[in-house]
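Engineer: have a look; sequence and predicted model below, questions after that.
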Amino acid sequence: MREAPLSGASSRSRSKRPLLDRESFLGPLMILPAVLYVAALVGFPFVLSIYLALSDAKIASNTYGFVGLDNVRGALESPTFRKSLGNTFIFTLVSQALVLVLGKILATCLTKRFWGKSIFRFLILLPWVAPISLGTIGWKWMLDSLYSPVNWVLQATHLVGKNTWPMWFGEKDLAMAAVIAVHVWRLLPFATVIILAGLTSIPKEVDEAAEVDGAGFWSREFYIVLPLLRPILTVAGLFGIIFAFTDMTVIYVLTRGGPAQATQVLSSLAFFTGILGGDLAGGAAISLFLFPVLVVVAIVMLMVARRTEVA
Amino acid sequence: MGESRFTRRTFLKTAGVAAAAVATPTIFVPTARAKSDTLKIGQWTHFVPAFDEWFDKKYCPEWGQKNGVKVVVDHISVNDLRARAAAEVSAKKGHDLFGFLDPPPAYENVVVPMNEVVSECEKKYGKLVNLAQRATYNPKTKKYFAVSDNWVPDPLHYRKDVWGEIGMKPDTWEHIREGSKKIKDKNGMPAGFGISQELDTNMMVRALLWSFGAQEQDESSTKVMINSKATVEAIRLMTAIYKESETAEVFTWDPSSNNRFFVSGKGHIIQNAISAIRTLEKQNPELAKKAGLALPAAGPGGKRMASEHLLHCYVVWQFGENPEMAKKFIVDLIGSYNDAFLASEFYNFPSFSKSVSDLKGKLAADKVNPEEYAILGDFEKYSAYPGYPGYTTAAIDECFNTFVLPDMFARVAKGEMSAEDSAKQADADMKRIFAKWNK
């Protein structure tokens, strides 16, 4: 009997509460900027690229005729496209495998105490904070066909013969190795930091107990550390795959897809076709081939994140 | 004493008011599109720095003063010009005048037709040279989509001393092959014809193809003609030159690489604009004395052709703020080509035949190397443009900027395909591109 009026009063007071104090209003309001941001900077370009891919849009056209899947068919018929698709997978998978292995090694080093550790850590992080184009231009000169200091060092240390001068961007395999190496150089700090965070979260007691039980370094790595790191390694790998799959700066600056399209990837081919060649629709169709792979990667990432959350 | 707290409500209110204050002027203040008192020009960073010095610090300020406007020049690197143009068109905002290094027919829909400007310039400064006319005119719409103020010859640069040692001159493509092999065998010096996805290769391979009698398209600019016996022969010759006398660095080059290659003294022959020999004159005068220029090499039938190395042309965007002033600037600039030609150290050849007086006399009066530059006087008759013998169309433009022809040569030189198959693939690629643009 006495609770009813109280409850009524409470309900009245809730309805009189200012709008900004209500969670039901404030929650959506707070998330709105993020939604608008994603819609404007991701959603709109994505819808636009689908629209363009289905049209006959050119760089300066005023009209857009619907052509269905003609542009997709055109891309699939092109040997250059098929080569670029293969290159994209090689570039992405090899660079990510290297990034994860090297990132794990570096992160393990950084968990130890040694002299100059802070400088070492700073140097490792440098490629990540430097503008990508600037760093890549530096590598273009380091691997230049005439003045490469890398080649000079290789000769001076007798790692290559006196008359050998590797043409890093001129030979197919060397060119692919070079663009992968520069990409690894750029992404390594990111993976290292993520893996380092994972390593520091593993309780020391676990490692110490295994050591007391007689487990050696490799046994501890493979049976304790790596299984515990698996969620974080997956996140680092998936992020890296997205970065590698969508990046064109390294390729564009270093090789422009050469020699003979040996390092052309989908993102650079889309740029050449759509922007430099003026065929916007063709470029959009090529870039959309990235989408299914990225969707799969995104789903796996979300599943990993969810599983980690639940655990 | 009352408690002063910065609550969530206060924060949101303050943030809301601040955001509204910032956004309101941009939402409600109408954007007036008044005629600007500034003329904005976007163009490349010239390979001859003296030209930019003259253009930026002398010509533009003086012209601006005379016409009551401030002229602002933004220099854009060679490789970024197309991307920058695309960005300006997409944003419908940018420079009043935009300079391309190769004709941009794909942009015809967004530029002001230049027929009046061309007519006025032809009346004042003589006929527009054939290669510039065919590269900037659309015969279907009867519009000039750009006005070319200059084009750049593409002579052979060679080391007279090295070629003298083997008793030869690079007069024909077969001579180049034979001589380059002898030189490589004798002293290890490589030849320097790029096979890369870049501007200079695009020009050089066209010169080679035309000299062999091959062509990209027919005269009506509708039919792809690349898959021919002449093309196959040209590819075979280039492959032989690469295998016998070059290194894999020719696959790595950008537009400035062959200049560096020649200036460094490493190589004995390149095909390039005269910026290479000019740089050599400044950086290594002794070596420059040993360098020479030559006419384009002749093909098997004696046909001697080169591509323009660059065809500089201005467009005026429809969305530009100062189109009339921009047109006037072009007309006046072409009227000042005597100075421009000298400032560019003979790099910029006039697109209007009489805009430079006594061109041959000026070449012969060069202070450093008059004999070498004299050959440029007749270079126009050997020079063509992308799409020759048709017009430079949007389809040709895409073929040019997606490097269909350099790739055709590269596949064979790399041993990935036979010359016949590579010509067939280029033919298929070009037909796909032509089909898109000719719909």
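Structural biologist: Okay, I see it.

Engineer: what residues are up against A:Ala177?
Structural biologist: A:Trp168 (C-beta atoms under 8 Å, 6 or more residues apart in numbering or on different chains). Every C-beta, even on glycine, is put in place using the N, C-alpha and C of the backbone.

Engineer: spell out which parts of the stretch 51-200 of chain A neighbour chain B.
Structural biologist: Within the stretch 51-200 of chain A, the positions near chain B by C-beta under 8 Å from any C-beta of the partner chain are A:56, A:58-62, A:65, A:74, A:77-80, A:145-146, A:165, A:167-172, A:175.

Engineer: which ones are touching the closest residue in space to A:Phe190 that isn't next to it in sequence?
Structural biologist: Nearest non-adjacent residue to A:Phe190, counting by C-beta to C-beta, 6 or more residues apart in numbering or on different chains: A:Trp128, 5.6 Å away. Listed by C-beta under 8 Å, 6+ apart, the contact set of A:Trp128 reads A:186-187, A:189-190, A:193.

Engineer: for A:Trp128, give its distance to A:Ala107.
Structural biologist: 14 Å (C-beta to C-beta, to the nearest Å).

Engineer: now do the shared contacts for the two.
Structural biologist: Counting by C-beta under 8 Å, 6+ apart, the residues touching both A:Trp128 and A:Ala107 are A:Val193.

Engineer: show the pLDDT at the residue nearest to A:Phe190.
Structural biologist: As summarised for this prediction, A:Trp128 has a pLDDT of 83.

Engineer: and the next helix or strand past the strand or helix carrying it?
Structural biologist: A:Trp128 belongs to helix A:117-129 when assigned by DSSP states H and E. Per DSSP H and E, the first helix or strand lying C-terminal to helix A:117-129 is helix A:132-142.

Engineer: any weak-confidence spans in the stretch 251-400 of chain B?
Structural biologist: Filtered on pLDDT under 70, the stretch 251-400 of chain B yields no residues whatsoever.

Engineer: once you drop chain neighbours, what's closest to the residue in it positioned nearest to chain A?
Structural biologist: For the stretch 251-400 of chain B and chain A, the shortest gap (C-beta to the nearest C-beta) falls at B:Phe251, measuring 3.3 Å. Of all residues not flanking B:Phe251 in the chain, A:Pro259 sits nearest, at 3.3 Å (C-beta to C-beta, 6+ apart).

Engineer: show me what from the stretch 251-400 of chain B comes close to chain A.
Structural biologist: B:251-254, B:257, B:260-261, B:264, B:266, B:394, B:397-398.

Engineer: and the residue lying closest to B:Trp173 once chain neighbours are set aside, its phi and psi?
Structural biologist: Nearest residue to B:Trp173, sequence neighbours excluded (C-beta to C-beta, 6+ apart): B:Ala297, at 4.7 Å. Dihedral angles of B:Ala297 (phi, psi; degrees, to the nearest 10) stand at phi -70, psi 140.

Engineer: which ones are touching B:Ala297?
Structural biologist: Contacts of B:Ala297 by C-beta under 8 Å, 6+ apart are B:156, B:170-173, B:175-176, B:207, B:211, B:304.
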